[in-house]
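Student: whatever this is, show me its structure:
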Amino acid sequence: MYQTVPAQRPVPGRGPSLSWQRQRPGHNAKENKMARIYDTIIVGGGPAGLAAALYASRSKMDTLLIEKSKYGGLIMTTDDVENYPGAPKDSTGPSIVARMKEQAETFGTHFIKDDITGIADLGPLLKTASGVKDTYQAKSLIIASGATPRPGGFKNELEFRGRGVSYCATCDAFFFEDLHVAVLGGGDAAVKEAIYLTKFAETVTLIHRRDQLRAGKALQEEAFANPKIKFIWDTVVEEAAGADLLDHLVIKNRKTGEISNLEVDGCFVFIGYTPITSYINGAISLDDKGYIQANADMTTNVPGIFAAGDVCRKSLKQVITAAADGAIAATSAEEYISLNKQPEREA
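Tutor: Presented below is the predicted three-dimensional model:
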């Protein structure tokens, strides 16, 4: 089984008990000092976690989802979502997340805001994610804490996020058709996304802080051969600027110190992602970049612990791939519990 974070306002519920808070409109929580053992605990409230919650709850699993900040993850910064199958016209990141959360709540998922600080083994089926003042328990654990794009570190970057500054070409390239965009970075991801952007933008200017790319040779050759891609070497972005939407970048040559303006309609930052896995503290295997090493069925090297979404190494970070991971993880967790049934016990 598994445990997780601080209890806030415990309420009674199905099955073995543990402190939790059910965030359903109009629901009045009552105190309950007994420990609750959930069928599954999901760490992370992005599309992967919410999809896992829906599939787990629909399978009659007693499910708790723990999110430390805002439900939805990276999709919450997207104003228009046009590549999620079946999404209504004019869908936004927040509107899709709201529907996902409502679906999971409808089938009985319990939600709580808390911050996981660790996972520890308390027995054959018991894992623990420790919080500020308490722990939560479950028979299986789904880690869907996601990853965060590394910021470019220039002035006004956050202010123009979603208004010209983007971290996902697959998500936002369509909005820059026949416009001028910049790409910040020099690795495989940056070059690959720059090539992809040429299908939409009129010009793509790749800005790199060094005098040569770090991407693979084949990608470099493809980029150099593309007439739409221009290169600015030894340069960093100092500032994003514009009235309401981005209209230019202030850039600085690292060798000469010269500062100039580059007129662009968009700036795509591709200098990598940081998986949110620091709290795992060696409980399961991570790769050299800190991503969880999950199999196709979302299993990890520890029985009963599953992973889903951008916290796993993957080539495509999208809502649809995260949601698919979540569905698979929940299904695998249900199968695991069925194969490892044990008598219920208190924490």
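Student: and this protein, what are its domains?
Tutor: 2-148+273-339, 165-269 (automatic domain parsing).
Student: what's the most buried one of the ones you listed?
Tutor: Mean neighbours per residue, mean count of other CB atoms under 10 Å, is largest over these for domain 2-148+273-339, with a mean of 20. Where C-beta positions appear, they are placed from N, C-alpha and C, glycine not excepted.
Student: quick check: mean pLDDT of that domain?
Tutor: Regarding domain 2-148+273-339, the rounded mean pLDDT is 79.
Student: tell me which of the domains of the chain lies nearest to residue 154.
Tutor: Closest to residue 154 of the domains of the chain, according to CB to CB: domain 165-269, at 4.3 Å.
Student: how far away from the center of its chain is stretch 61-74?
Tutor: 11 Å (CA atoms, centre = their mean, to the nearest Å).
Student: make that stretch 194-206, sorry
Tutor: Centre-to-centre, stretch 194-206 and its host chain are 25 Å apart (CA atoms, centre = their mean).
Student: just the endpoints, please. Distance across that stretch?
Tutor: 7 Å (CA to CA, to the nearest Å).
Student: tell me the mean pLDDT for that stretch?
Tutor: Averaging pLDDT along stretch 194-206 gives 96.
Student: residue 251 is in contact with residue 260, correct?
Tutor: Yes. Judged on CB atoms under 8 Å, residue 260 makes contact with residue 251 at a distance of 6.0 Å.
Student: in CSV, list the domains of the chain along with distance to residue 156.
Tutor: Shown next, in CSV, are the domains of the chain (distance: least, CB to CB, whole Å):
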stretch, distance to residue 156
domain 2-148+273-339, 15
domain 165-269, 4
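Student: among these, which is nearest residue 155?
Tutor: Proximity to residue 155 (CB to CB) singles out domain 165-269 among the domains of the chain, at 4.0 Å.
Student: what about the closest one, distance to the chain center?
Tutor: Using CA atoms, centre = their mean, the mean C-alpha position of domain 165-269 is found 23 Å from that of the whole chain.
Student: not counting stretch 167-181 itself, show me its contacts.
Tutor: Residues outside stretch 167-181 that contact it (CB atoms under 8 Å, 6 or more residues apart in numbering) are 74, 78, 80-83, 149, 166, 193, 196-197, 199-205, 263-270, 316-318.
Student: who's in contact with the residue lying closest to residue 228 once chain neighbours are set aside?
Tutor: Closest residue to residue 228 apart from its sequence neighbours, by CB to CB, 6 or more residues apart in numbering: residue 198 at 4.1 Å. By CB under 8 Å, 6+ apart, the contact list for residue 198 reads 204, 226, 228-229.
Student: could you do residue 155 as well?
Tutor: So residue 155 contacts 238-240, 250 (CB under 8 Å, 6+ apart).
Student: could you measure it against residue 236, distance?
Tutor: Separation of residue 155 from residue 236 (CB to CB, to the nearest Å) stands at 11 Å.
Student: ditto for residue 269
Tutor: Taken as CB to CB, the span from residue 269 to residue 236 is 12 Å.
Student: residue 153 now?
Tutor: As judged by CB to CB, residue 153 and residue 236 stand 8 Å apart.
Student: returning to what we had before: in helices only, show me the contacts of stretch 167-181.
Tutor: With helices taken from DSSP state H, the overlap with the contacts of stretch 167-181 comprises 193, 196-197.
Student: separation between the nearest residue to residue 226 once chain neighbours are set aside and residue 219?
Tutor: Using CB to CB, 6+ apart and skipping residues adjacent in sequence, the residue nearest residue 226 is residue 198, 5.6 Å away. Using CB to CB, residue 198 is found at 13 Å from residue 219.
Student: name the residues contacting each of these two.
Tutor: If you check residue 198 and residue 219 against CB under 8 Å, 6+ apart, no residue is contacted by both.
Student: where do the helices sit along the stretch 151-300 of the chain?
Tutor: Remark: helices assigned in the stretch 151-300 of the chain by DSSP state H, counting those that start in this stretch are 169-172, 188-197, 217-225.
Student: rank those by mean pLDDT and give me the bottom one.
Tutor: Among these, helix 169-172 scores lowest, with a mean of 84.
Student: mind saving the C-alpha coords of stretch 323-336 as PDB?
Tutor: Output of stretch 323-336 as PDB, limited to C-alpha atoms (Å, rounded to 0.1, in the frame of the first residue of the first chain):
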ATOM      1  CA  ALA A 323      -4.200  11.600 -20.800                       C
ATOM      2  CA  ALA A 324      -3.400   8.300 -22.500                       C
ATOM      3  CA  ASP A 325      -0.600   7.600 -20.000                       C
ATOM      4  CA  GLY A 326      -3.000   8.300 -17.200                       C
ATOM      5  CA  ALA A 327      -5.600   5.900 -18.500                       C
ATOM      6  CA  ILE A 328      -3.000   3.200 -18.900                       C
ATOM      7  CA  ALA A 329      -1.600   3.800 -15.400                       C
ATOM      8  CA  ALA A 330      -5.000   3.600 -13.800                       C
ATOM      9  CA  THR A 331      -5.800   0.400 -15.600                       C
ATOM     10  CA  SER A 332      -2.400  -1.100 -14.600                       C
ATOM     11  CA  ALA A 333      -3.000  -0.100 -11.000                       C
ATOM     12  CA  GLU A 334      -6.400  -1.800 -10.900                       C
ATOM     13  CA  GLU A 335      -4.900  -5.000 -12.300                       C
ATOM     14  CA  TYR A 336      -2.100  -4.800  -9.700                       C
END
